[in-house]
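Student: sequence plus the predicted model coming up.
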Amino acid sequence: MSEQSADLRETVRRRYAAAAVKVAGGGAACCGPESGCGPEPVETEEGFGSALYASGERDVLPAEAVAASLGCGNPTAVADLREGERVLDLGSGGGIDVLLSARRVGPTGKVYGLDMTEEMLALALANRERAGATNVEFLKGTIEAVPLPANTIDVVISNCVINLSTDKAAVFAEAFRVLAPGGRIGVTDVVADDDLSPGQRAERGDHVGCIAGALTFAEYREGLSAAGFTDIEIMPTHSVADRMHSAVVRAVKPADGGRASL
């Protein structure tokens, strides 16, 4: 990893660590359900955060999981999760998508949340206990080197995290590796118009704000294809900056196993 990439990763880690600490400490002075206080939500730009989830989904989760939401969509809705499936959430944060996925796959399914930030993992583990989720496991690691065996996951989800990686080819290859043949990826991420240069993307926002590191539609499609994915769909849902969009991304690992390449 280059020094610049290491610096960007550390900047991302610090931002999400601070968000977790803010949420975890927000309800420390509460004295019970009638006190009217609770975790302080993390501030987000328009087009990001827990408002992108239906109220019915937010209401069944711990307030701390909702307050820590920093994503640009709702991948659990676009991934069409089914009972009994094994799910991996790349960059799981406070656990909102893991816990929603756990409800969808039911007791015969299993959901893994992967995050590199100690503070977010601690918050996620506390949220798992609050939710009483028994089919959930949180792992420490990076999305470029997933600590799971090959061919063990049915669905990979992620919520506005892949754009933060400085090695997206490795992320796509790892998602392909851990998916079982016929498995699928269903993520939400920030994607730029094809004619926006890296410099123009950086003018619209910084890396840690999920803007500067975003791929274009063509780059995203090419990256997934190079990793071995087929049936690639990238559909914008709403604007997050000038000519930059939150998008739903779907793709499939061929049933014959295909081949991943960097």
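Tutor: Arrived safely, thanks for sending. Residues are numbered from 1 along each chain as shown.
Student: can you list the weak-confidence ranges in the protein?
Tutor: Within the chain, the segments meeting pLDDT under 70 span 20, 26-71, 258-262.
Student: show me which positions of the strand ranked longest in it end up buried.
Tutor: When the chain is parsed with DSSP state E, its longest strand is strand 179-192. For strand 179-192, the neighbour count (16 or more other CB atoms under 10 Å) marks 179, 180, 183, 184, 185, 186, 187, 188, 189, 190, 191, 192 as buried. Using the backbone N, CA and C atoms, a C-beta is placed for each residue, glycine as well.
Student: just put these in JSON lines and tack on distance to residue 113.
Tutor: As requested, the buried residues of strand 179-192 are exported to JSON lines (distance: CB to CB, whole Å):
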{"residue": "179", "distance to residue 113": "16"}
{"residue": "180", "distance to residue 113": "19"}
{"residue": "183", "distance to residue 113": "17"}
{"residue": "184", "distance to residue 113": "18"}
{"residue": "185", "distance to residue 113": "16"}
{"residue": "186", "distance to residue 113": "15"}
{"residue": "187", "distance to residue 113": "14"}
{"residue": "188", "distance to residue 113": "16"}
{"residue": "189", "distance to residue 113": "17"}
{"residue": "190", "distance to residue 113": "21"}
{"residue": "191", "distance to residue 113": "23"}
{"residue": "192", "distance to residue 113": "27"}
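Student: what two of these are the furthest from one another?
Tutor: Farthest pair in the buried residues of strand 179-192 (CB to CB) is 180 and 192. Separation: 31.3 Å.
Student: strands of the stretch 151-262 of the chain, start to end?
Tutor: 153-159, 179-192, 215-216, 230-241, 244-252 (DSSP state E, counting those that start in this stretch).
Student: adding distance to residue 111, write those strands out as TSV.
Tutor: Below are the strands of the stretch 151-262 of the chain laid out as TSV (distance: least, CB to CB, whole Å):
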stretch	distance to residue 111
strand 153-159	9
strand 179-192	13
strand 215-216	26
strand 230-241	23
strand 244-252	19
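Student: quick one: closest of those to residue 6.
Tutor: Of all the strands of the stretch 151-262 of the chain, strand 215-216 comes closest under CB to CB, at 20.5 Å.
Student: now find how far off-centre the closest one is within its chain.
Tutor: The gap between where strand 215-216 is centred and where its chain is centred comes out at 17 Å by CA atoms, centre = their mean, to the nearest Å.
Student: equivalent analysis for stretch 244-262, please.
Tutor: Its chain's average C-alpha position is 15 Å from that of stretch 244-262, according to CA atoms, centre = their mean.
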